[in-house]
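> Here is my input; please provide its structure:
(one chain, ligands or ions: 1)
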Amino acid sequence: MDNHLDAIQTEALAVLASVHDQAALREWHAAHLAKKSPLMLALGDLGKLPKEQRAEIGRRGNEVKRTLEAAYGEKEQAVQAEALARSLGENAVDVTLPGRQPRPGHLHISTQTLRHIYQVFGEMGFQVYEAPDVETDEFNFGLLNIPPYHPARDMWDTFWLDNPQGGGSRGTLLRTHTSPGQIRAMREMVPNPVRVILPGKVYRYEQITARSEHQFYQIEGLAVGHGITLADLKGTMLNAIHRLYGADRTVRFRGSYFPFTEPSVEVDMDCVLCNGVGCRVCKYTGWLEVSGAGMVHPVVLRNGGYSPDEWSGFAFGMGMERSLLLKYSIDDIRMFYGNDLRFLRQF
Ligand code: DAH
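Numbering: from 1, shown residues only. From the prediction side, this is the model:
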């Protein structure tokens, strides 16, 4: 019987020596250490042996079992180590490779365009004046000569931040245009002449489509001084348009209406795509609207602290995104706020 146990051990260890992976290891365990293995069967049969042999054979049987279990444990570790070494060899990581350089970003197309506009107007003596996005009804409308219930309020769909009830004059809102900044700039600079542009986001309570967003940029301009005339407005707009859109652009002024200017004009340029011939983009008119503008209304001058008897001024307000759509043939205004890098990287 002793010989039988020795044979079991020798045989098991010999087979184990040729095991090199998990599957073979599991097979080996089933064959040599599980319930139906020769060893376990031998140990189970102890009771059938003559009494005097039982202790001796039982002891030897347990010895073989411990030996095999120990060998199994060692083999298990060896197999794992081998598997690890194999996978490292196959999927080698080269730690000497230089790291990847982070790619430097660049300014958003809107920021680039704003800076270009600052430069063009800066060279004409305009400084940039920042005004708040959250405004009061008074600044956004009232002080700009749009009293409560004035029908001109319908020109701007408004995001109210509180209840506009109670005459409307106590309401807080997201500015619908950059024009309220005119009052703030004048009140800060009075009694000095004013020459500022007021860039920033404006907000309209509107359906978002490919052509209109509920937020977009405007650039407001304001000049207040002695003897400023419509000719100054025309010269300024003409120069700005030539610098921004090319020296061969034709510019036209046509009568319009805004409550805060008198007279009011609309500034157009010939279509950048068809050069005035007429196309889908300019709706076959040959012209594109660039800006609303006009001579600052006497009421607005007074609200800014300037006497209309001594001072005059011009103002304009132009949207930014729409002209970019045209310049770069972008067909969806939502791209400006979508943060899609495939779009942004093109500029
Ligand atoms: N605030 C006007 C708007 O958002 C644009 C505008 C028109 C601004 C005429 C002006 C101006 O300063 O003189 O529709």
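
> Contact residues of the stretch 51-200 of the chain facing the ligand?
Taking C-beta under 6 Å from any ligand atom as the measure of proximity, the stretch 51-200 of the chain contacts the ligand at 177, 179. For glycine as for every other residue, the C-beta is placed from the backbone atoms N, C-alpha and C.

> Run through the stretch 51-200 of the chain and note the low-pLDDT ranges.
Regions of the stretch 51-200 of the chain meeting the criterion pLDDT under 70 cover residues 163-170.

> make it 80
91-94, 151-155, 162-170 (pLDDT under 80).

> So Thr136 versus Pro180, what's the distance?
Taking C-beta to C-beta, to the nearest Å as the measure, Thr136 and Pro180 are separated by 8 Å.

> When these two are compared, which one has more neighbours?
Using other C-beta atoms under 10 Å as the criterion, Thr136 and Pro180 rank with Pro180 on top: 27 against 18.

> surely that one meets Glu135?
Yes: under the criterion of C-beta atoms under 8 Å, Pro180 lies in contact with Glu135, with a separation of 5.0 Å.

> can you give me phi and psi for the residue of the stretch 151-300 of the chain at minimum distance from the ligand?
Using C-beta to the nearest ligand atom, the closest approach of the stretch 151-300 of the chain to the ligand is made by Gly292 at 2.6 Å. Geometry field for Gly292 lists phi and psi as phi -90, psi 150, criterion degrees, to the nearest 10.

> The closest residue to it other than its chain neighbours - how many residues pack around it?
Counting by C-beta to C-beta, 6 or more residues apart in numbering, Gly292 lies nearest to Gly317, which is 5.3 Å off, once chain neighbours are set aside. By the measure other C-beta under 10 Å, the count of residues near Gly317 is 23.

> and Leu324, what is it in contact with?
Contacts here follow C-beta atoms under 8 Å, 6 or more residues apart in numbering; on that basis Leu324 touches 109-110, 113, 330, 336.

> quick one, phi/psi of Ser149?
Just to correct that, residue 149 is Tyr rather than Ser. Tyr149 has phi and psi values of phi 70, psi 0 when expressed as degrees, to the nearest 10.

> same check, this time on the one 3 residues further on
Dihedral angles of Ala152 (phi, psi; degrees, to the nearest 10) stand at phi -60, psi -20.

> Any idea which residue is closest to the centre of this structure?
With distances taken as C-alpha atoms, centre = their mean, the residue of the chain nearest its centroid is Asn339 (3.7 Å).

> Tell me the spacing between it and the ligand.
Asn339 sits at a distance of 26 Å from the ligand (criterion: C-beta to the nearest ligand atom, to the nearest Å).

> Show the model's pLDDT score for that residue.
Here, the pLDDT recorded for Asn339 equals 91.

> Distance check, it against Val190.
The span separating Asn339 from Val190 equals 41 Å under the rule C-beta to C-beta.

> quick one: the strands in this structure?
127-128, 134-136, 159-160, 172-174, 194-203, 215-225, 251-256, 261-270, 287-296, 312-319 (DSSP state E).

> among these, which gets the worst mean confidence?
If you rank the strands of the chain by mean pLDDT, strand 159-160 sits at the bottom with a mean of 88.

> Give the pairing partners of that one; include direction for each.
Its sheet considered, strand 159-160 pairs with strand 172-174 (antiparallel) by DSSP bridges.

> Centre of the chain to the strand it pairs with, how far?
A distance of 24 Å separates the C-alpha centroid of strand 172-174 from that of its chain, computed with C-alpha atoms, centre = their mean, to the nearest Å.

> what do you get for stretch 50-63?
Stretch 50-63 sits 79 Å away from the centroid of its parent chain (C-alpha atoms, centre = their mean).

> longest helix in this structure, by residue count?
Taking DSSP state H as the criterion, the chain has its longest helix at helix 51-90.

> which strands and helices sit next to that one?
helix 2-17, helix 22-32, helix 38-44 (3 or more C-beta pairs under 8 Å, 6 or more residues apart in numbering; DSSP states H and E).

> if we look at the first one, which residues are touching it?
Applying C-beta under 8 Å, 6+ apart, the external contacts of helix 2-17 come out as 28, 31-32, 38-39, 42, 56-57, 60-61, 64, 67-68, 71-72, 75.

> Buried ones among the residues you listed?
Neighbour-count burial within the contacts of helix 2-17 applies to 28, 32, 39, 42, 57, 60-61, 64, 68, 71-72, 75; the criterion is 16 or more other C-beta atoms under 10 Å.

> Out of the residues you listed, the closest to the ligand would be?
The ligand has its nearest neighbour among the buried ones among the contacts of helix 2-17 in Lys75, at 81.4 Å by C-beta to the nearest ligand atom.

> For that closest one, give me its contacts.
Shown in contact with Lys75 (C-beta under 8 Å, 6+ apart): 16, 19, 25, 28.

> just Val128 next, same as before
118, 122, 196-199.

> that older thread, now the angle between helix 2-17 and the longest helix of the chain, please.
10 degrees (axes from the mean of the first three to the mean of the last three C-alpha atoms, to 10 degrees).

> if I look at Phe141, how far off is Pro147?
Separation of Phe141 from Pro147 (C-beta to C-beta) stands at 8 Å.

> higher neighbour count, the two?
In this view Phe141 and Pro147 are compared by other C-beta under 10 Å, and Phe141 has more residues nearby, 28 against 15.

> I'd like to know how far the more buried one sits from Leu222.
Counting by C-beta to C-beta, the gap between Phe141 and Leu222 amounts to 17 Å.
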